[in-house]
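Enquirer: got a structure for you, letters missing:
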């Protein structure tokens, strides 16, 4: 019985069948993105709430390696819309064919690539846990694993090969046995595993400090970076960029104050005044826009804008070295900047 067991080799088709659940579930995670955006709702409408382009804008502040590409798209709305459409269609096609097991290995490369994009762009996001990072690294691992296994018996690939035959090229694109030796396959498995493990540990540390040192989560609370604060021609101008906090919830500025070093208030805008602020005094740079809300100025994640304020006192001769700009969030957080 023991000898009989050892003499029965597992076929390539059986190896592929072992990964069926992984293939179907991973495929659905990508196909469901297409399903949500185009079938259940229209999230490709730039004027509708939940526009996918704004979600993409949320990736910008702390993306790894691909930040310039993201910034180019969010500053070119027409290009962004086409990119989101193409990306959504690719997710739908890759996810569906991956689930069906049609051109399984080619689709696994698509899964690997999509997961890598999610990891590099959004691996830092996740309010209660490391949501996007987990999706990214698991997608990379799933793509690599299914590339090696193929679709197995429960795939369209196998049905087609039984009817029309197979070839080395089709085995590489779909499913079936590889043409190289078991020794080379072992090296590919070990090499790929080492690379993906290193990628996992590196990104876990880079985004969250999850390997050593102090843990951090940039999605927990908002942060606004202030730059270019100046008074010129009777006008106070400064640029804000929200680079941290939850992607599904804005930062709400309820007070903007300009003080001198003695604490004297030269300008103050309360919540109701900010809520009625003219949009012409807000210059937005990206798709995610800073705008007046019902009770405050709303600053979405990834939004960048220059704000302008006019006060008679700004026409006077002021020692700007002594002036401090304060922005107060509804949570009580205060961000400050000196005036240039």
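Expert: Thanks, I have it. All figures in this text were calculated on a predicted structure; none of them were measured in a lab.
Enquirer: can you give me the helices for this protein?
Expert: 2-7, 12-18, 20-34, 52-58, 67-74, 77-100, 104-122, 131-149, 156-164, 168-173, 182-208, 271-275 (DSSP state H).
Enquirer: Please convert the ones you listed to a markdown table, extending it with mean pLDDT and mean neighbour count.
Expert: No exception for glycine: its C-beta is placed from N, CA and C like everyone else's. Formatted as a markdown table, these follow (pLDDT from 0 to 100; neighbours: other C-beta atoms under 10 Å):
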| stretch | mean pLDDT | mean neighbour count |
| --- | --- | --- |
| helix 2-7 | 44 | 7 |
| helix 12-18 | 82 | 18 |
| helix 20-34 | 98 | 18 |
| helix 52-58 | 97 | 23 |
| helix 67-74 | 98 | 17 |
| helix 77-100 | 98 | 18 |
| helix 104-122 | 98 | 22 |
| helix 131-149 | 97 | 21 |
| helix 156-164 | 94 | 16 |
| helix 168-173 | 93 | 14 |
| helix 182-208 | 97 | 14 |
| helix 271-275 | 98 | 16 |
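Enquirer: Kindly reformat the ones you listed as JSON lines containing distance to residue 216.
Expert: Below are these laid out as JSON lines (distance: least, C-beta to C-beta, whole Å):
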{"stretch": "helix 2-7", "distance to residue 216": "51"}
{"stretch": "helix 12-18", "distance to residue 216": "38"}
{"stretch": "helix 20-34", "distance to residue 216": "26"}
{"stretch": "helix 52-58", "distance to residue 216": "18"}
{"stretch": "helix 67-74", "distance to residue 216": "19"}
{"stretch": "helix 77-100", "distance to residue 216": "29"}
{"stretch": "helix 104-122", "distance to residue 216": "16"}
{"stretch": "helix 131-149", "distance to residue 216": "13"}
{"stretch": "helix 156-164", "distance to residue 216": "44"}
{"stretch": "helix 168-173", "distance to residue 216": "42"}
{"stretch": "helix 182-208", "distance to residue 216": "6"}
{"stretch": "helix 271-275", "distance to residue 216": "30"}
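Enquirer: Relative to residue 217, tell me which of these wins on proximity.
Expert: Closest of the helices of the chain to residue 217 is helix 182-208, at 6.4 Å (criterion: C-beta to C-beta).
Enquirer: Who are the packing partners of that closest one?
Expert: When contacts are defined as 3 or more C-beta pairs under 8 Å, 6 or more residues apart in numbering; DSSP states H and E, helix 182-208 sits against helix 131-149.
Enquirer: Once you drop chain neighbours, what's closest to the spatially most central residue of the chain?
Expert: Per C-alpha atoms, centre = their mean, the C-alpha nearest to the average position across the chain is that of residue 122, at 2.7 Å. Nearest residue to residue 122, sequence neighbours excluded (C-beta to C-beta, 6 or more residues apart in numbering): residue 132, at 3.9 Å.
Enquirer: and the gap between the closest residue to residue 50 other than its chain neighbours and residue 59?
Expert: Excluding its sequence neighbours, the residue lying closest to residue 50 (C-beta to C-beta, 6+ apart) is residue 43, at 5.2 Å. Distance, residue 43 to residue 59, using C-beta to C-beta, to the nearest Å: 15 Å.
Enquirer: Which one's more surrounded, the two?
Expert: For residue 43 versus residue 59, neighbours defined as other C-beta atoms under 10 Å are more numerous around residue 59 (24 against 19).
Enquirer: tell me the contacts of the more buried one?
Expert: Contact analysis of residue 59 by C-beta atoms under 8 Å, 6 or more residues apart in numbering lists 70, 121, 122, 125, 302.
Enquirer: which residues does the third one contact?
Expert: What that stands for is residue 122. With C-beta under 8 Å, 6+ apart, residue 122 has these contacts: 58, 59, 63, 132, 136.
Enquirer: Leaving out the residues flanking it, which one is nearest to the first one?
Expert: What it means is residue 58. Spatial nearest neighbour of residue 58, excluding adjacent residues (C-beta to C-beta, 6+ apart): residue 247 at 4.1 Å.
Enquirer: if I read this right, the one you found contacts residue 301, doesn't it?
Expert: Yes. Using C-beta atoms under 8 Å, residue 247 is in contact with residue 301, at 4.7 Å.
Enquirer: ok so, going back, can you tell me which residues contact the residue nearest to residue 58?
Expert: Contacts of residue 247 (C-beta under 8 Å, 6+ apart): 55, 58, 125, 219, 301, 302.
Enquirer: how about a cut-off of 10 Å?
Expert: Shown in contact with residue 247 (C-beta atoms under 10 Å, 6 or more residues apart in numbering): 54-55, 57-59, 61, 122, 125-127, 131-132, 219, 288, 300-302.
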